[in-house]
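A.B. asks: All I have is the shape, not the residue letters:
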């Protein structure tokens, strides 16, 4: 019996040895796929990055880093539902990951689930007070609120840059904050810094720097930035709108309308674009068309100060002073631009004096 048992043990050992020496193949490492995914992500090859991370997940479904990487790639492709699912899985696998919580938080921000976004991003800063991206995303969260908390937005952007001043994204995001305040000089300075630090530039960055240049009245270089954005994203409605606004401000209203119409063909859900076309129609004295577009702009964004200003001007032309005054007051209330505020208040004064 002892001999038989010994023979059985030997047989088991032999089988295990055979398996170890080549009878079966060990599971390949996920590390090369995660590394390749990061390289492709850094080079903005997001589809390939998704493929790489998906292969890593196929090999080992419990690697949180692969879900985080794929979630980031989906986020860049504006596939927020897919990104959110991946970040949720990453949080489940690694609840103490500031990176996973930040990813989930930024998805909640884009989906306008703001309470959930604030909870995740705040928790990320508590878990890792040195994780710069969490602060940067909080800066964007506070900037994008219906009633923006601009002081907190700036404080969080500054904290992110203090922690990691070599990440160009943080300067680009802070530039958008400055642009919101019409502080175009500071915005342009930040975008130039972002370009300096970032090896691969996206269409949106070229577009935004071009926008800031034209709004600052620095037209040299603006058109080349915008055209570069169109080269990278020829179906970007926002870029066609920016170039249309460039042509409007430089006196070529016909070309402005052509570009803005192209923008609306690509995206008829952006109130800013309707507002720009309405202003162009006002300039060409097509007031009925202007009114229709400005109504649409205000319906989509009830705080569009320029749309209120120009709709007020249309009401003034149509002989409806009460409606004009109400719109001018809204323009003054909602605008961060002192020039718009002054024009709106001057119009109110003139209309009331005429009474």
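C.D. replies: Sure thing, it's come through. All values derive from a computational prediction rather than experimental measurement.
A.B. asks: All the helices of the stretch 1-150 of the chain, residue numbers only.
C.D. replies: Assigned by DSSP state H, counting those that start in this stretch, the stretch 1-150 of the chain shows helices spanning 2-18, 31-42, 46-59, 64-76, 80-93, 98-110, 114-127, 132-143, 150-163.
A.B. asks: same thing with the stretch 201-350 of the chain?
C.D. replies: According to DSSP H, counting those that start in this stretch, the helices that the stretch 201-350 of the chain contains are 203-215, 222-232, 237-249, 253-266, 271-283, 287-300, 305-317, 321-334, 338-354.
A.B. asks: May I see those helices organised as TSV, with mean neighbour count, mean pLDDT and distance to residue 40 added?
C.D. replies: Where C-beta positions appear, they are placed from N, C-alpha and C, glycine not excepted. Below are these laid out as TSV (neighbours: other Cβ atoms under 10 Å; pLDDT from 0 to 100; distance: least, Cβ to Cβ, whole Å):
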stretch	mean neighbour count	mean pLDDT	distance to residue 40
helix 203-215	23	96	18
helix 222-232	19	97	17
helix 237-249	24	97	24
helix 253-266	18	98	27
helix 271-283	23	98	32
helix 287-300	19	98	36
helix 305-317	23	98	40
helix 321-334	19	96	42
helix 338-354	14	93	44
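A.B. asks: Including distance to residue 181, could those go into CSV?
C.D. replies: Converted to CSV, the helices of the stretch 201-350 of the chain look like this (distance: least, Cβ to Cβ, whole Å):
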stretch, distance to residue 181
helix 203-215, 12
helix 222-232, 20
helix 237-249, 19
helix 253-266, 25
helix 271-283, 17
helix 287-300, 21
helix 305-317, 13
helix 321-334, 13
helix 338-354, 11
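A.B. asks: Which of these sits closest to residue 187?
C.D. replies: Minimum separation from residue 187 across the helices of the stretch 201-350 of the chain (Cβ to Cβ) falls at helix 203-215, 4.7 Å.
A.B. asks: Tell me what angle that closest one forms with helix 222-232.
C.D. replies: Inter-element angle recorded for helix 203-215 and helix 222-232: 160 degrees (by axes from the mean of the first three to the mean of the last three Cα atoms, to 10 degrees).
A.B. asks: Of the helices of the stretch 1-150 of the chain, which is nearest residue 220?
C.D. replies: helix 150-163 (27.8 Å).
A.B. asks: Show me which positions of that closest one end up buried.
C.D. replies: 150, 153, 154, 156, 157, 159, 160, 161, 163 (16 or more other Cβ atoms under 10 Å).
A.B. asks: what's the most distant pair in those?
C.D. replies: Among the buried residues of helix 150-163, 150 and 163 lie farthest apart (Cβ to Cβ), at 20.6 Å.
A.B. asks: if we can go back for a sec, from the buried residues of helix 150-163, which is closest to residue 199?
C.D. replies: Taking Cβ to Cβ as the measure, residue 199 sits nearest to residue 161 out of the buried residues of helix 150-163, at 18.7 Å.
A.B. asks: hmm, back to that, so for residue 143, which of the helices of the stretch 201-350 of the chain sits nearest?
C.D. replies: Per Cβ to Cβ, nearest to residue 143 of these: helix 203-215, 13.8 Å.
A.B. asks: Reformat the buried residues of helix 150-163 into CSV and put distance to residue 212 next to each item.
C.D. replies: Formatted as CSV, those follow (distance: Cβ to Cβ, whole Å):
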residue, distance to residue 212
150, 17
153, 17
154, 17
156, 21
157, 16
159, 23
160, 20
161, 18
163, 25
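A.B. asks: Show me which of those residues has the smallest pLDDT value.
C.D. replies: Minimum pLDDT across the buried residues of helix 150-163 is recorded for residue 150, with 93.
A.B. asks: right, and it touches residue 174 too?
C.D. replies: No: with contacts counted by Cβ atoms under 8 Å, residue 150 stays clear of residue 174, the gap being 11.6 Å.
A.B. asks: Can you check the pLDDT for residue 145?
C.D. replies: pLDDT, read off for residue 145, is 89.
A.B. asks: Could you give the number of residues near it?
C.D. replies: 15 (other Cβ atoms under 10 Å).
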